[in-house]
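Peer 1: Starting from these lines, generate the structure:
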Amino acid sequence: MSGILQWAMGLLSALVAWKIRKRNIGLSLVTIGAGLLIALAAGDYSVEANGLGGWVERLKFSTSGGLTDHLLAAAVYLAIIVIGTGLVLIVHGYLKEQRETDSRRVAVLELRGLVDTSDSPLVNAIPAKYRGRKEDCLVDLRSQLASKTPDVPGAIVELAHIPRQLRRVRGDSTRGNVQVVAGGVMQVPLLFYTGVLLDDEGQVALMDWERVDSKWAELDEVDSGQRFSIDGLEKVVTGGEVVLAISASYIVELSDIAKTFPSLPLVHLARPDPKVNKLWSEDEQKELARQFLDVLCRLKSANVTMVHLVLAAPTTLAIRFGKHYDVHNMPPIRCYQWERNQSPPYPWCVEMPTDSSSQARHINQTTALPAVL
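Peer 2: Numbers count the residues shown, from 1 in each chain. Now for the predicted structure:
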C-alpha cells in the first residue's frame, strides 16, 4: 500500500511540476505558426515560386477554398513570421541560458571517512536540476580516520578548510549563483561538525549514500509522519550537564551511555521503530531538526552547561542537525563517537566551537570523562 501511495505522490508531483513549469514563448510561437500552416494546408492551396536560382524572388499562393489569394498569402506570411520570431526567441533563450549556466556553480562537498565511494563519486551523481559548472570539493580523510587510533585533530583541521573551499568555488559570483550539495560517509561527530561549518552557506542540498544499491540518492520520499518521542526532560538539573541521545536510524546503546556518562541525566529523542537506510524524506528530516532545536532551547532555558550528544542518525540528518545548531544561542555541545567493545564505549568526541572565531576540539574520553553530579 505504501508503494502505491509513493507512486501516486510521485505522479502528482510530476503533474504539478509540469503545470507550473517555465513556459518557452519561442517554442509556443513555433507551435502556433506551424499549426496555422497545417490548417491552411488542409484548405488545398498551391504555391508558385519565381526566381528559384538560389533565392526566391516572389511567392504566389492560390486556393480552391473560401479564402481569397491575398488573404491566403497574408495568412501564410503571418505564419512564417510567427515561426521565425519563435525560432529567434528559442536561440536567444538558449544563448542566455548558456551564459547563466557558465556563471553558476555547483559546489559538490563529498566527505569520505569510512566507505570508499571513489568508484561512484558524488560529483557524478548530481541531479540535472542543479545547473551550473560542477566543482568537486572532495574531503577524503580515510587515511587519517581508518586506523585504530584515528587522527581526529588532523581531521578537524582539514574539515575547517571547508568554508575556504566554498569561497574559492564562489569566486566573484554572488551567493545566489552557487548551489552547495553535500553528502558522504564519515564518523558522526565529524558530520555534525561539518553541518556547523555549513551554517553560513545558506541553502544546502543534502544527498545520502544508499547502502543497498551502493549509489547516491536524493531525499525525495514522502514524509511518513513519524516524529521523535521525547523522554527525560523533567530529569534535567538546572545549571548542570545532560546527555542528549537521539535514536533516528537505530536505537542508541543505553547501557553504553550509562557506562560512559554515570549519574548524568538522560534526555532521549527516539523515532518509533527506527531502521537504517529509511530516512529519505526532506520534509520529515526538517521536522525532526525542528524538534531537536526545540529540545536544545529548553535545555538552554534550564541553563545547562554542556550537552553530551549521542547521535544515531544517517549522514544527511547528522549534517542537518549541525547546520541548525546555533553556536551563539544554544548550550555547548560535545558530539560522541560510538565504538563497539571499547572502554568507554564512547571513546572520543568533538566539542563544537562556541563562536565563529573559535575551532572545534577533539576530546579523548579515556582521559577526560564528563563531570559527575
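Peer 1: Tell me what the residue most central in space within the chain is bridged to.
Peer 2: Centrality entry for the chain: nearest residue to the mean C-alpha point is A205, 1.8 Å, by C-alpha atoms, centre = their mean. Each beta-bridge partner of A205 is listed here: V181, as defined by DSSP bridges.
Peer 1: gap between it and N329?
Peer 2: Plainly put, A205 is 26 Å away from N329 if you go by C-beta to C-beta, to the nearest Å. Every residue, glycine included, has its C-beta placed from N, CA and C.
Peer 1: for S343, same thing?
Peer 2: Taking C-beta to C-beta, one finds S343 at 36 Å from N329.
Peer 1: Once you drop chain neighbours, what's closest to E218?
Peer 2: Nearest non-adjacent residue to E218, counting by C-beta to C-beta, 6 or more residues apart in numbering: M207, 5.8 Å away.
Peer 1: oh sorry, the question was meant for V185
Peer 2: Closest residue to V185 apart from its sequence neighbours, by C-beta to C-beta, 6+ apart: V115 at 4.1 Å.
Peer 1: Isn't the one you found up against G183?
Peer 2: No - V115 is beyond contact range of G183, at 11.5 Å (criterion: C-beta atoms under 8 Å).
Peer 1: list the contacts for the residue nearest to the centre of the chain?
Peer 2: A205 makes contacts with 130, 179-182, 218, as judged by C-beta atoms under 8 Å, 6 or more residues apart in numbering.
Peer 1: pLDDT wise, what is it at?
Peer 2: Predicted confidence (pLDDT) at A205: the value is 96.
Peer 1: So what's the residue count around S143?
Peer 2: Using other C-beta atoms under 10 Å, the number of residues around S143 comes to 12.
Peer 1: do F292 as well
Peer 2: Using other C-beta under 10 Å, the number of residues around F292 comes to 23.
Peer 1: and it, how far is that from L269?
Peer 2: In terms of C-beta to C-beta, F292 sits 7 Å off from L269.
Peer 1: who touches both of the two?
Peer 2: Joint contacts of F292 and L269 (C-beta under 8 Å, 6+ apart) are 228, 246.
Peer 1: ok so, going back, which neighbours do V115 and G183 have in common?
Peer 2: W209.
Peer 1: Comparing those two, which residue is more hemmed in?
Peer 2: Neighbours were counted for V115 and for G183 using other C-beta under 10 Å; G183 has more, 23 against 13.
Peer 1: Touching, the more buried one and L206? I think so.
Peer 2: Yes - counting by C-beta under 8 Å, G183 touches L206, with 6.2 Å between them.
Peer 1: overlap in contacts of those two?
Peer 2: Joint contacts of G183 and L206 (C-beta under 8 Å, 6+ apart) are 315-316.
Peer 1: can you map out the strands along the stretch 201-350 of the chain?
Peer 2: 204-210, 215-218, 229-231, 241-247, 266-270, 306-312, 333-337, 348-351 (DSSP state E, counting those that start in this stretch).
Peer 1: how about the helices in this structure?
Peer 2: With DSSP state H as the criterion, the chain has helices at 2-19, 25-41, 69-103, 142-145, 152-159, 162-170, 188-197, 254-260, 282-301, 315-324.
Peer 1: Convert the fifth one to CSV, retaining C-alpha atoms only.
Peer 2: This points to helix 152-159. In CSV, the C-alpha atoms belonging to helix 152-159 read as follows (Å, rounded to 0.1, in the frame of the first residue of the first chain):
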residue,chain,number,x,y,z
VAL,A,152,40.8,13.2,14.8
PRO,A,153,42.6,16.5,15.5
GLY,A,154,44.0,16.3,12.0
ALA,A,155,40.6,15.6,10.5
ILE,A,156,39.1,18.6,12.3
VAL,A,157,41.8,20.8,10.8
GLU,A,158,41.0,19.5,7.3
LEU,A,159,37.3,20.0,7.8
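Peer 1: so where's the stretch 101-250 of the chain uncertain?
Peer 2: 101-103, 172, 175 (pLDDT under 70).
Peer 1: next one: phi and psi at D151?
Peer 2: Dihedral angles of D151 (phi, psi; degrees, to the nearest 10) stand at phi -90, psi 80.
Peer 1: can you count the residues close to the residue nearest to L109 when sequence neighbours are not counted?
Peer 2: Using C-beta to C-beta, 6+ apart and skipping the chain neighbours, the partner closest in space to L109 is A182 (4.2 Å). By the criterion of other C-beta under 10 Å, A182 has 27 neighbours.
Peer 1: do the same with V310
Peer 2: Counted with other C-beta under 10 Å, V310 comes out at 27.
Peer 1: Please read off the pLDDT at A289 from the model.
Peer 2: On the pLDDT scale, A289 is placed at 97.
Peer 1: Flag every buried residue along stretch 314-331.
Peer 2: 314-325, 330-331 (16 or more other C-beta atoms under 10 Å).
Peer 1: end-to-end on it?
Peer 2: Stretch 314-331 has its terminal residues 23 Å apart, counting by C-alpha to C-alpha, to the nearest Å.
Peer 1: again, but for stretch 219-236
Peer 2: OK, stretch 219-236 end separation, C-alpha to C-alpha: 34 Å.
Peer 1: which residues touch that stretch?
Peer 2: Contacts for stretch 219-236 (C-beta under 8 Å, 6+ apart): 5-6, 9, 206-208, 242, 246, 248, 265-272, 280-285, 287-288, 291-292, 295, 298-299, 302, 304, 316.
Peer 1: For the buried ones among those residues, write the corresponding ChimeraX selection.
Peer 2: Only the buried entries of these go into this ChimeraX selection, using 16+ other C-beta under 10 Å:
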select :206,207,208,242,246,248,265,266,267,268,269,270,271,280,281,282,284,285,288,292,295,299,302,304,316
